[in-house]
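Novice: Pasting a predicted model and its sequence here:
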Amino acid sequence: MVARLKIACYQARGLGEGVLGRPLSAECFSKRFQAFKSDAKVCASRRCQATDGQRVADESKATDVGVRYAQALFELAKSQGDAAAVESDLKSLKAMRADSADLRTLIGSAVFDAETKGRALAAIADAAGFAPTTRKFLGLVASNRRANAIPAMISSFEKLAAEDRGAISAEVTTALPLTEAQSKALAASLRTALGKDPEIETKVDPAILGGLKVRVGSRLYDASLKSRLDSLKFALKRA
């Protein structure tokens, strides 16, 4: 799947044989895409570097855009009776993005124009067999130059779909993968605390060192070891 995804993205970019031309091998794609990324870095280096404040503002804007687009998509999909199919498509796209650094670059980088992103997303949607509603939505997102907000759109859509089912979406980050027993215990604890069945998405981030972080909607419960150490450092500095 990853190899086919890379080929689809590369052909959509127009740097290889073209969308209608002969498919490139995964090895050939990888070599040429690495060369293109080097050129892209040169272009990016000519731009002014964003400040931390600007980056935070951009992330906040992407989140706001994601909420609006997800709401519109969910209402449309719900009215057409294919909300489950669209949710499944978005979960697949989310997994593809997590597995492919090239796809993350293509979606998030301003170096790629709207047309390029639209072609890439269309190729991916065709290869994965996405529902018509999902395909049209991704095309609209690309043409509106909002592809960088796709992760926020997916996250918001998943929350809306979970709420519609009477469940609640929770994102759990741990330093190490949870065992089956730990996952069941966590689900039981969240069910008691939230009063609803949680739909848990787990992530592994060694940087938190230990403990866990739980995000439910806009609320973040940080019980990570890193957070505790940072708090201790801050307290020592003030002492």
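Specialist: Everything's here; your move.
Novice: CA only for contacts and neighbour counts going forward, please
Specialist: Fine.
Novice: and this structure, what are its domains?
Specialist: In the assignment given by automatic domain parsing, the structural domains of the chain cover 2-159, 168-238.
Novice: Which of these has the lowest mean pLDDT?
Specialist: If you rank the domains of the chain by mean pLDDT, domain 2-159 sits at the bottom with a mean of 74.
Novice: Tell me who's in contact with residue 216.
Specialist: Listed by Cα atoms under 8 Å, 6 or more residues apart in numbering, the contact partners of residue 216 are 168, 169, 170, 171.
Novice: Give the bridge partners for the first one, please.
Specialist: By that I understand residue 168. Beta-bridge partners for residue 168, by DSSP bridges, are residue 198.
Novice: For it, the count of nearby residues, please.
Specialist: Per other Cα atoms under 10 Å, the neighbour tally for residue 168 reads 23.
Novice: Residue 105: which element?
Specialist: Secondary structure here is read from DSSP states H and E; on that basis residue 105 sits in helix 101-108.
Novice: Quick one: list the elements packing against that helix.
Specialist: Secondary structure elements in contact with helix 101-108, counted by 3 or more Cα pairs under 8 Å, 6 or more residues apart in numbering; DSSP states H and E, are helix 2-13, helix 83-99.
Novice: what's the angle between that helix and helix 83-99?
Specialist: 120 degrees (axes from the mean of the first three to the mean of the last three Cα atoms, to 10 degrees).
Novice: which residues of the protein fall in strands?
Specialist: In chain order, the chain shows strands spanning 167-174, 197-204, 211-216, 219-224, with DSSP state E as the criterion.
Novice: could these go into CSV alongside distance to residue 110?
Specialist: Rendered in CSV, the data for the strands of the chain read as follows (distance: least, Cα to Cα, whole Å):
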stretch, distance to residue 110
strand 167-174, 28
strand 197-204, 27
strand 211-216, 29
strand 219-224, 30
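Novice: ranking these by burial, who's on top?
Specialist: For the strands of the chain, the largest average neighbour count (mean count of other Cα atoms under 10 Å) is found in strand 167-174, namely a mean of 21.
Novice: And it, how far out from the chain middle?
Specialist: 15 Å (Cα atoms, centre = their mean, to the nearest Å).
Novice: Okay, residue 188 and residue 135: tell me how far apart.
Specialist: To residue 135, residue 188 is 37 Å away according to Cα to Cα, to the nearest Å.
Novice: Between these two, which has more neighbouring residues?
Specialist: It is residue 135, of residue 188 and residue 135, that has more neighbours when counted by other Cα under 10 Å, with 20 against 14.
Novice: Enumerate every residue touching that one.
Specialist: 122, 125.
Novice: Centroid-nearest residue for the chain?
Specialist: Per Cα atoms, centre = their mean, the C-alpha nearest to the average position across the chain is that of residue 151, at 3.2 Å.
Novice: So that one is in contact with residue 94, correct?
Specialist: Yes - Residue 151 sits in contact with residue 94 when judged by Cα atoms under 8 Å, with a separation of 7.2 Å.
Novice: Residue 228: which of the contacts of residue 216 is nearest?
Specialist: Comparing those against residue 228 with Cα to Cα picks out residue 171 as the nearest, at 19.7 Å.
Novice: Please name the residues that touch the closest one.
Specialist: 200, 201, 202, 203, 214, 215, 216.
Novice: so what's the third one closest to, chain neighbours aside?
Specialist: In this case it means residue 202. In space, not counting the residues next to it along the chain, residue 202 is nearest to residue 172; the distance is 4.8 Å by Cα to Cα, 6 or more residues apart in numbering.
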